[in-house]
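Visitor: just the structure for this:
(one chain, ligands or ions: 1)
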Amino acid sequence: MRTPTGPATNWAGTLTYRASRLHRPSSLDELRTLVAGSDRIRALGSGHSFSRVADSRHELVRLDALPPLIEIDSARRTATVGAGMRYADVIGPLHRAGYALANLASLPHISVAGSVATGTHGSGDGNRCLSAAVSGLELLAPDGSTVLLDRASRPGDFDGAVVALGALGVVTRVTLDLEDAFDVAQEVRLGVPLDEVAARFDEVFSAAYSVSAFTDWRAGHASVWLKKRPGRPDSGWSGGRPADRPQHPVPGMPPGTATAQLGVPGPWSERLPHFRPDLTPGAGAELQSEYYLPRAAAPRAFAALRGIGDLLAPLLHVAEVRTVRADELWLSPAYRRDSAAFHFTWVKDPARVVPAVAAVEQLLLPLGARPHWGKVTLLTPTQLAAPYERAAGFARLVGELDPDGVFGNDLTDGLLAAARERA
Ligand SMILES: Cc1cc2nc3c(=O)[nH]c(=O)nc-3n(C[C@H](O)[C@H](O)[C@H](O)COP(=O)(O)OP(=O)(O)OC[C@H]3O[C@@H](n4cnc5c(N)ncnc54)[C@H](O)[C@@H]3O)c2cc1C
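Guide: So this is what the prediction gives:
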């Protein structure tokens with residue numbers, strides 16, 4: 001068992017975990033013993049969250065030293081993978097075996113369990129968040145025993161167990177739905193007026209399998225990244241001008257770490273993320289926030305954010321708009337709601353960024369925004385729980401699987417208290 005000393009920070013170095021110890025067991029048996037012997041312990045993934053969702057005042061455990069596992073069941077068309085593995089380590093082998101995941105986030109270096117626990121998403125009108133690909137979970141209960149949860153055996157509440165913010169137990173294996181491997185060709189359109197993106201939102205976001213608009217809220221234009229699946233119909237929208245050389249999502253950055261563009265088809269695993277799985281991007285000097293809005297509210301959000309473009313511009317590395325299809329996962333920010341997700345990559349200067357986050361929240365919350373669980377928000381746990389109609393059901397599930405709150409933290413304790421009060 002490796003137990004590093006000293007405080008650990010998240011990937012961006014923007015928060016220091018408050019846990020007294022961070023464990024890295026190298027076998028499942030060690031992990032079991034550790035969990036069974038702890039009063040309060042919580043799983044940490046790859047530490048890419050900007051909120052304190054992963055934090056603990058007690059003990060944390062990372063699973064990245066456990067033996068890797070990728071087990072493909074071709075009859076069921078699923079893959080069971082080690083929960084602490086990064087997508088970057090999983091997607092290449094899946095592709096080589098002839099399979100694909102429906103979608104990926106911008107960065108493939110995030111862990112599978114950490115991503116699905118927070119409802120992490122990519123883009124695409126027809127694409128649900130990454131958690132929606134989960135058909136089974138293996139997790140450790142407070143006594144260290146294994147609990148199997150899957151769609152078939154728990155049809156009534158499996159949807160509550162996937163986006164679980166670490167509160168149900170330490171997930172050790174995740175089973176993901178597969179489809180046949182496919183190619184993607186990525187094109188970037190530059191200088192697209194934001195007026196056009198807002199007015200023709202449906203057309204722009206159905207112009208490819210996955211569409212991302214990197215928005216300049218002050219200058220009033222976007223670069224639109226189209227990840228097309230050959231053979232799939234699309235709207236045919238092609239505004240702006242085609243980029244004639246590779247781009248980086250952040251304007252002015254060298255494009256070397258970005259996935260291949262210029263319309264050259266290639267594996268889904270090398271095109272769906274914005275960042276190349278084979279290169280490790282440096283830890284970012286950044287903070288991130290993101291809000292999922294009902295899709296129909298997107299044009300109003302465009303108008304509102306353009307109104308504070310001068311405030312936002314000096315504080316942003318980049319901003320991005322994506323779409324996410326509705327799902328049935330109780331704590332997913334896209335629960336039963338086709339969504340438009342408005343993302344902000346801020347400079348790493350909390351004192352200046354917090355007032356801007358407040359301004360954005362003041363504009364977007366009345367439009368029905370649900371903040372990303374893993375990113376910076378100023379909302380309290382009670383406010384965060386408010387838009388989730390199944391929050392009380394989630395609290396019941398936690399009560400069943402973790403009655404003494406061994407896996408809780410300040411955020412989940414607050415959410416559960418709010419949910420129970422409301423029930
Ligand atoms: C550069 C960058 C790009 C990003 N791009 C996107 C994007 O495109 N789309 C998007 O939606 N988000 C994105 N994010 C946010 C990121 O996907 C989420 O914060 C995600 O939760 C990170 O996964 P992680 O493994 O780092 O989780 P952590 O931050 O380590 O943990 C998140 C949660 O998962 C739980 N958890 C982790 N492992 C386990 C386990 N084994 N068992 C039980 N619970 C567990 C933790 O307890 C915690 O509650 C990005 C973040 C960064 C830094």
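Visitor: quickly find the element holding residue 203.
Guide: With elements delineated by DSSP states H and E, residue 203 resides in helix 201-205, which encompasses its position.
Visitor: could you list every helix and strand in contact with that helix?
Guide: strand 210-216 (3 or more CB pairs under 8 Å, 6 or more residues apart in numbering; DSSP states H and E). Glycine gets a C-beta too; all of them are placed from N, C-alpha and C.
Visitor: export the helix holding residue 203 as PDB, just CAs?
Guide: Backbone C-alpha positions of helix 201-205 (Å, rounded to 0.1, in the frame of the first residue of the first chain) are rendered in PDB as follows:
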ATOM      1  CA  PHE A 201     -28.900  26.900 -32.600                       C
ATOM      2  CA  ASP A 202     -30.600  23.700 -33.700                       C
ATOM      3  CA  GLU A 203     -29.100  23.800 -37.200                       C
ATOM      4  CA  VAL A 204     -25.600  24.500 -35.900                       C
ATOM      5  CA  PHE A 205     -25.700  21.800 -33.200                       C
END
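Visitor: average pLDDT for it, rounded please.
Guide: Looking at helix 201-205 alone, the average pLDDT works out to 98.
Visitor: again with stretch 333-349
Guide: Averaged across stretch 333-349, pLDDT comes to 97.
Visitor: that older thread, now do the buried residues in the helix holding residue 203.
Guide: Of the residues in helix 201-205, those buried under the neighbour-count criterion (16 or more other CB atoms under 10 Å) are 201, 204, 205.
Visitor: of the residues you listed, closest to residue 180?
Guide: Nearest to residue 180, judged by CB to CB, of those is residue 205 at 24.4 Å.
Visitor: isn't that closest one up against residue 125?
Guide: Yes. Assessed by CB atoms under 8 Å, residue 205 is found in contact with residue 125 at 5.7 Å.
Visitor: near the ligand at all, stretch 300-319?
Guide: No. No part of stretch 300-319 sits near the ligand under the criterion CB under 6 Å from any ligand atom; the closest distance found is 10.6 Å.
Visitor: from the middle of its chain, how far away would that stretch be?
Guide: Taking the mean C-alpha point of stretch 300-319 and that of its whole chain, the gap between them comes to 22 Å (CA atoms, centre = their mean, to the nearest Å).
Visitor: what residues does it touch?
Guide: For stretch 300-319, contacts defined as CB atoms under 8 Å, 6 or more residues apart in numbering pick out 194, 197-198, 214-220, 249-251, 286, 293, 340, 342-347, 349, 352-353, 356, 359-360, 363-364, 367.
Visitor: now it - C-alpha only, PDB.
Guide: C-alpha atoms of stretch 300-319 as PDB (Å, rounded to 0.1, in the frame of the first residue of the first chain):
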ATOM      1  CA  ARG A 300     -31.600  33.700 -24.100                       C
ATOM      2  CA  ALA A 301     -28.400  32.500 -22.500                       C
ATOM      3  CA  PHE A 302     -26.400  33.800 -25.500                       C
ATOM      4  CA  ALA A 303     -28.100  37.200 -25.200                       C
ATOM      5  CA  ALA A 304     -27.400  37.400 -21.500                       C
ATOM      6  CA  LEU A 305     -23.800  36.400 -21.700                       C
ATOM      7  CA  ARG A 306     -23.000  38.700 -24.500                       C
ATOM      8  CA  GLY A 307     -24.300  41.500 -22.200                       C
ATOM      9  CA  ILE A 308     -21.500  40.800 -19.800                       C
ATOM     10  CA  GLY A 309     -18.900  40.000 -22.500                       C
ATOM     11  CA  ASP A 310     -16.600  42.900 -21.300                       C
ATOM     12  CA  LEU A 311     -16.600  41.500 -17.800                       C
ATOM     13  CA  LEU A 312     -15.900  37.900 -18.900                       C
ATOM     14  CA  ALA A 313     -13.300  38.500 -21.600                       C
ATOM     15  CA  PRO A 314     -10.200  39.300 -19.400                       C
ATOM     16  CA  LEU A 315     -11.000  36.400 -17.100                       C
ATOM     17  CA  LEU A 316     -11.500  33.600 -19.600                       C
ATOM     18  CA  HIS A 317      -9.000  31.300 -21.400                       C
ATOM     19  CA  VAL A 318     -11.900  30.000 -23.400                       C
ATOM     20  CA  ALA A 319     -15.700  29.400 -23.200                       C
END
